[in-house]
Structures are given as C-alpha cells and as structure tokens.
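> next comes the sequence, and after it the predicted model I'd like to discuss.
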There are 2 protein chains.
Amino acid sequence: MTRAPATNGPSTASDSRTWTIAQIADEFAITHRTVRHYEELDLITPERRGTVRIYHRRDRTRLNLILRGKRLGFPLEEIRTIINLYDEPRGQASQLSYVLDQINDRRGDLERRRRDIEDALKELDEFERRCKTDLRQLRREPQSPT
Amino acid sequence: MTRAPATNGPSTASDSRTWTIAQIADEFAITHRTVRHYEELDLITPERRGTVRIYHRRDRTRLNLILRGKRLGFPLEEIRTIINLYDEPRGQASQLSYVLDQINDRRGDLERRRRDIEDALKELDEFERRCKTDLRQLRREPQSPT
DNA sequence: CTTTACGTTGACGTTAACGTCAAGTAATAC
DNA sequence: GTATTACTTGACGTTAACGTCAACGTAAAG
C-alpha cells in the first residue's frame, strides 16, 4: 500500500468509517470524474483533509440515491432537489407542509412511471405469446417450398 | 384553412386516416423539430407526398411508444431497437428465438426499474410518515421560546 | 398576382453528463 | 535522494436530444 487507507478500523464508535475517491469509484462502478462531477453539482459534499477528499457514510447513502435516480432516468438537477428534500432541516410547520407537497408531487411522478412500466410489460408479454405461437406453428410446418 | 387537411373523412376503409406534421406535433405536444428528429433517427417513417410528410396510424402508434420510452428515461437509440422489434418480420425460427431473447432482456430491464420505483415509493411513504409525525408534534407545542 | 399560412431543408447553437488529457502536489517505496 | 502511486485542479472534447434561425417552396385566399 502506498497511501494510508481511509478505511480505518472495523467501525469505530457509531459509524465514522471513511473512504477515498478510488474506493468510492470502485465500489459504485463509476469514474473519479463522475464522482467529482456530482460534487460540482452539490449532490455530494465530501470532507476535505487538506486538498484530498474524504467520503463518509452520508456520501455513500447519497450516491445510492443518485444512481437509482439515474437508473430511473431522472436528470441530476432533479435528483439533487429530491435527495436534498430528505436532508433539509424541517423545523417549521410551513417547511414541513412544503415538504409534504413535494412528496406528493414525487409520488405522482413515480406512480405514473410505474404505470408506464406495467403497460410496457403487458405489451411485452402479449408480444411474447404471439411469438411463441408463431414458433410452434413453424415447428409444425418446418419449411415452406423453396 | 389554407391547406387541405390531411384528415380526410371519418375513417374510410379499414383505417387510412392521415395527419400533417402540425397535427401530430399538436396532439403529442412536441415540436416539428422533434418529430423530424425522430424521423432522422428512423424512429418513424412518414409517407412523402412530393416533399411534404404524411403521417399514418402506424406513425402515431410508434410515437406513443417513443414518448413512453422517453418518460421512462430510455435513450432514443434504444427505443428504436425496441419498437423495431415489434415490427420486424419474424418468419424464421432463428429470428423468432432471437426476438424471444430480446424480450427477456427487456423484461429484465423493466422489472429492475419497477423494483427501483417501488423502493423509492416505500422510502417516500416512510419519509412522509416521519414528516407528519413531526407536524403533529409541532401543533402540540406551537412555538419554542423565542 | 401578391400575400399568407404551412411546409421543407440545411446548419449552427445549447444543455446535460460526463470523457479525456495535461500538469501539478504529496505521501510512500526503494 | 528519486521513482511510484494516488490524488488534485483546470480545461477542452463529446454525445444526445433537440432549439433556433435562415432561406426557400407552394397552395389557397384576397
């Protein structure tokens, strides 16, 4: 090893393990550039030990949310507002009801997507049935006169 | 009206209604540019009457699939291969089993997305519960000493 | 016959989400 | 010491999915 690993001891007090950018990139199967890009967009905010980045538990949680958001096709900007929602302080009732509104918006979006997916899956099943019927048909009359 | 509407009679024989680009763009709430872009990528292939584009039933079906694909966050290239799958001639058994493979790939992808969505919805519900608890708490102890 | 409304083809511009160098620093390995 | 290895900050390049002109064609309306 060339540099002291950021991963110190097997979980100290509550959970203060840390990770280097290489470990993060590796684990999440993304590039350093991507990790830094997410930081530029304020999606994650790693600690700085001098100039070098140190990633905490929180950063990993956020990365999981980010990547899932990406798999679902959300733009990074939107992902940011969503995951920030989970983190923002919500001491005031006004803030809380704002958050509750946002939650309902999000739910609507997700449910719509789920419907789209289920429709797509149904069509796929239907299409598969047709294909299989065709295939059985072909097996019955092996080849037409060439 | 300045130009003869492409929409002729209320469904002639089987279904030979046609539409202009303006009608298509309008109905699907997209721009002319977008419609032409999809054509450039071979996602739709409208008829040509001289230089002008005439859209048929088939184009509308495809547009619906395209837009759903987009809502689900698929890239246009991928969308093309998918909707072409539904259209390709599949006379040979080899082609059919290829298609059946593709179907399974697609299904896997869609099911994964569905899981992601359901996870996200669960987290959202959980988060909403916490927010609502907080809100009830706030109503009990209206404001802390300023 | 000119205007107008709708259509067409380029072709360059833009935004998001990174990729890809280049050049420098800093700790460890020898 | 010097060489590696990991990390850093620019900064320009790239791809997808259109946006946005500009310049032109054409049919119907006056």
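Great, that's in hand. If you're wondering where the values come from, they're calculated on a predicted model, not measured in any experiment.
> so, low pLDDT: which residues of chain A?
Low-confidence regions of chain A, defined here as pLDDT under 70, cover residues A:1-14, A:143-146.
> quick one, strands of it?
Remark: strands of chain A, listed N- to C-terminal, are A:18-19, A:47-49, A:52-56; assignment by DSSP state E.
> including mean neighbour count and distance to DNA strand D, could these go into TSV?
Any C-beta I mention is one placed from the backbone N, CA and C, and that applies to glycine too. What follows is these, written out as TSV (neighbours: other Cβ atoms under 10 Å in any protein chain shown; distance: least, Cβ to the nearest atom of the strand, whole Å):
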stretch	mean neighbour count	distance to DNA strand D
strand A:18-19	20	9
strand A:47-49	10	8
strand A:52-56	18	3
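> show me how chain A divides into domains.
A:1-87, A:92-146 (automatic domain parsing).
> now tabulate the ones you listed in JSON lines and tack on distance to B:Leu72.
Output for the domains of chain A, formatted as JSON lines (distance: least, Cβ to Cβ, whole Å):
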{"stretch": "domain A:1-87", "distance to B:Leu72": "6"}
{"stretch": "domain A:92-146", "distance to B:Leu72": "6"}
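> and B:Glu123, which of the ones you listed is closest to it?
domain A:1-87 (8.1 Å; Cβ to Cβ).
> that closest one: how far from the chain's middle?
The gap between the average C-alpha position of domain A:1-87 and the chain average comes to 12 Å, counting by Cα atoms, centre = their mean, to the nearest Å.
> now check it, is it near chain B?
Yes: in terms of Cβ under 8 Å from any Cβ of the partner chain, part of domain A:1-87 sits within range of chain B, namely A:Arg68, A:Arg71, A:Leu72, A:Gly73, A:Phe74, A:Tyr86.
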